[in-house]
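> sequence-free structure coming up:
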């Protein structure tokens, strides 16, 4: 959407991350106050961590309904996609984000297991290899519940919880958040839209793709209505119970820079004769300044 002189654009952010067959959308509970009425209806822009056309269509459907109810507040909402190992009790850096832990024994063991799975056991597709579970080319995939709609009866399939590691069973969820920038020109209007976007009715619609953060909706019955190919027993055992006591993927205040550097350093890991421990030591040496900064 190109900027328009008669309207002001507001920025919102949203996310959606994959979690063992579950996506979690954590929404705003409500606006901080009564939304002001602007001189002209404003345009809202929402950056989202998904490029799935069906998900974007649902987002737009909710936005269009809000605009119809609030024509004096909002003229348009645009959704802009952002291109985008817990079983060992391992983590890439400390909880406070200041120390690299790629060289900790737990992380070395976890990365060695992955390396062996690729090159020794041939259990995981190697670099450059594409294996589509939905085409019957791999035995397992980790994905979101809405992808079950791509499955048919051409082969038998099931959904199962993540397997336990040496430190036991630790479910991992990809956590998503929605928020309004504090320095937006009209934050109360943006917050009012978010309250509408995540109200009980719309949260139930979003459950087609993202297990809802509302406890009243996080149940097998709600998820089953949105995902008819999955039984309530499957959804209860894998999604609902999997979210309980789950941990989130590690993040960092400097994550954007860390992500590129770590990816570049770990490229050396993806050869059959790689020295896993040496690669992780090099990774720590490279990212330590970013962690300390």
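Right, received. Where do you want to start? Values in this document were obtained by computation on a predicted structure and should not be read as measured data. Numbering: from 1, shown residues only.

> Tell me the secondary structure of the nearest residue to residue 114 once chain neighbours are set aside, please.
Spatial nearest neighbour of residue 114, excluding adjacent residues (Cβ to Cβ, 6 or more residues apart in numbering): residue 124 at 7.1 Å. C-beta here means a position set from N, CA and C on the backbone, and glycine is covered the same way. For residue 124, the secondary structure call by DSSP: H, G, I helix; E, B strand; the rest coil comes out as coil.

> which residues sit in contact with residue 124?
Listed by Cβ atoms under 8 Å, 6 or more residues apart in numbering, the contact set of residue 124 reads 114, 117-118.

> Now for residue 154, how many residues are close by?
Using other Cβ atoms under 10 Å, the number of residues around residue 154 comes to 9.

> Now do it against residue 135, distance only.
Counting by Cβ to Cβ, to the nearest Å, the separation of residue 154 from residue 135 is 9 Å.

> Am I right that residue 262 is in contact with residue 93?
No. If you go by Cβ atoms under 8 Å, residue 262 and residue 93 don't touch, sitting 9.8 Å apart.

> Of the two, which one has the most company?
Legend: neighbour count by other Cβ under 10 Å for residue 262 and residue 93, higher for residue 93 (23 against 19).

> Okay, and the beta partners of that one?
residue 100 (DSSP bridges).

> mind checking how far it is from residue 265?
13 Å.

> what do you get for residue 156?
Using Cβ to Cβ, residue 156 is found at 40 Å from residue 265.

> which of these two has more neighbours?
Neighbours around residue 156 and residue 265, counted as other Cβ under 10 Å, are more numerous at residue 265. The numbers are 18 against 5.

> Would you mind measuring from the more buried one to residue 134?
32 Å.
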